[in-house]
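Visitor: I would like to see how this sequence folds:
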Amino acid sequence: MRIAESELIINADGSAFHIHLRPEELADRIFLVGDQDRVDFFKEYLTDIECEHSSREFHALTGRYKGVRMTALSTGIGTDNIDIVMTELDALANVDFATREAKPEHRSLKILRIGTSGSIQPDIPLGANIFSHYSVGCDGLLNWYADRDSISDPLMEQAFKRHVRWNRHLPDPYFVKAGADIIRRFEDCTVKGMTISASGFYGPQGRVIRVPLAMPDMVRDFESFRYGDWRITNFEMEGSAIAGLARHMGHEAGTVCCVIANRHLKNTDTDYKPMIRGLVELSLERMAA
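Guide: Model prediction:
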């Protein structure tokens, strides 16, 4: 079935509307970062750079690390942007831009988000790297897509809602596991994480500046939640949509974040660029293996 021009917008140069990559410029292994300046870190390590594009918050380049072709792309902040990025990446891989029809053979991508986060457990210190084995979507994005229950763990979801006394006005949370191959690459060098993806930085992460919260004990309740051996480890803002849409689309995805704040201990480190650089180096090594 042909996809209408209004549904998948293709630029005059044959690139995807927002991220400005053309199908032939997309590698199978992809790094997503929030800040467009972080894409510049990859320039220090990639060779044979084929392309570089920048539009709004989307900065992309493709090159090679130890001979392995890779793409780095910034997404900006929030799961709404991830909806754009993941849909356009999948289209680049699995839609023929000339005919506007899905390709007969599916191409699976390996996608890793590298970011920053705030820990909510007292034993996870600043500087730790947390890999999100589970991403908990408190953003509502996946609820707009059919069969969201097929990618969420319903028993974990129900236990979580009961424990934290989930507010009825909020979208149902969803629990999505990262891709098995990407978990394997990072499980021996990171903290095992169950990560909340929040729909904002302040209220949705339990921060109070002037306006009170609908769930005033949210951070405390998140910290005390247990489901078997699992516990909530940290907050960030994009991983759930990456994991959820990847599962829907048939890709492998995961999120790894360095801790730059501890919400339990109420401390933070704003000089975190060296930590991000170190995480980029680790991620390149693990994804190239």
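Visitor: Residue 280 falls within a strand, correct?
Guide: No - using DSSP: H, G, I helix; E, B strand; the rest coil, the assignment for residue 280 is helix, not a strand.
Visitor: Show the contacting residues for the nearest residue to it once chain neighbours are set aside.
Guide: If the residues on either side of it in the chain are set aside, residue 280 comes closest to residue 41, at 4.9 Å by CB to CB, 6 or more residues apart in numbering. Placement of C-beta: from N, CA and C, glycine included. For residue 41, the contacting residues are 276, 277, 280, by CB atoms under 8 Å, 6 or more residues apart in numbering.
Visitor: So which of those residues is the closest to residue 35?
Guide: residue 276 (8.6 Å; CB to CB).
Visitor: and that closest one, that one's in a helix?
Guide: Yes - assignment of residue 276 by three-state DSSP places it within a helix.
Visitor: Could you export the contacts of residue 41 as JSON lines, including pLDDT?
Guide: Listed next are the contacts of residue 41 as JSON lines, based on pLDDT from 0 to 100:
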{"residue": "276", "pLDDT": "94"}
{"residue": "277", "pLDDT": "94"}
{"residue": "280", "pLDDT": "97"}
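Visitor: For residue 117, give me its contacts.
Guide: 130, 195, 234, 235, 236, 257, 258, 259, 260, 261.
Visitor: if you set the cut-off to 10 Å instead, what comes out?
Guide: The contact partners of residue 117, by CB atoms under 10 Å, 6 or more residues apart in numbering, come to 124, 128-130, 132, 193, 195-197, 233-237, 239, 255-261.
Visitor: How about residue 20?
Guide: 11, 13, 51-56, 58-60, 73, 88.
Visitor: how far away is it from residue 35?
Guide: Computed with CB to CB, to the nearest Å, the distance linking residue 20 and residue 35 is 18 Å.
Visitor: that older thread, output the contacts of residue 20 in CSV, with pLDDT, neighbour count and secondary structure appended to each entry.
Guide: Listed next are the contacts of residue 20 as CSV, based on pLDDT from 0 to 100; neighbours: other CB atoms under 10 Å; DSSP: H, G, I helix; E, B strand; the rest coil:
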residue, pLDDT, neighbour count, secondary structure
11, 98, 12, coil
13, 97, 8, coil
51, 97, 16, strand
52, 97, 15, strand
53, 97, 18, strand
54, 96, 13, strand
55, 94, 14, strand
56, 94, 12, coil
58, 97, 22, strand
59, 97, 23, strand
60, 98, 24, strand
73, 98, 25, strand
88, 98, 24, helix
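Visitor: Report the contact partners of the closest residue to residue 225 other than its chain neighbours.
Guide: For residue 225, ignoring the flanking residues on the chain, the nearest one in space by CB to CB, 6+ apart is residue 163 at 4.9 Å. For residue 163, the contact set (CB under 10 Å, 6+ apart) comprises 221, 222, 224, 225, 226, 227, 232.
Visitor: For the residue most central in space within the chain, which non-adjacent residue is closest in space?
Guide: The structure's the chain has its C-alpha centroid closest to residue 239; by CA atoms, centre = their mean the separation is 3.0 Å. Nearest residue to residue 239, sequence neighbours excluded (CB to CB, 6+ apart): residue 255, at 3.5 Å.
Visitor: next one: residue 256
Guide: Nearest one to residue 256, counting by CB to CB, 6+ apart, is residue 131 at 4.8 Å.
Visitor: In a strand, the one you found, correct?
Guide: Yes - assignment of residue 131 by three-state DSSP places it within a strand.
Visitor: Offset the numbering so it begins at 239, please.
Guide: Renumbered: residue one is now 239, and that last one reads residue 369.
Visitor: Surely it touches residue 481?
Guide: No - using CB atoms under 10 Å, residue 369 is not in contact with residue 481; the gap is 11.6 Å.
Visitor: give the contact list for the closest residue to residue 359 other than its chain neighbours.
Guide: Of all residues beyond its chain neighbours, the one nearest residue 359 is residue 471 (5.8 Å), with distances taken as CB to CB, 6+ apart. The contact partners of residue 471, taken as CB under 10 Å, 6+ apart, are 355, 357-359, 361-362, 366, 368-372, 429-434, 460-461, 495, 497.
Visitor: Let's see which of those end up in strands.
Guide: Those of those mapping onto strands are 355, 357, 368-372, 429-434, 495, 497, per DSSP state E.
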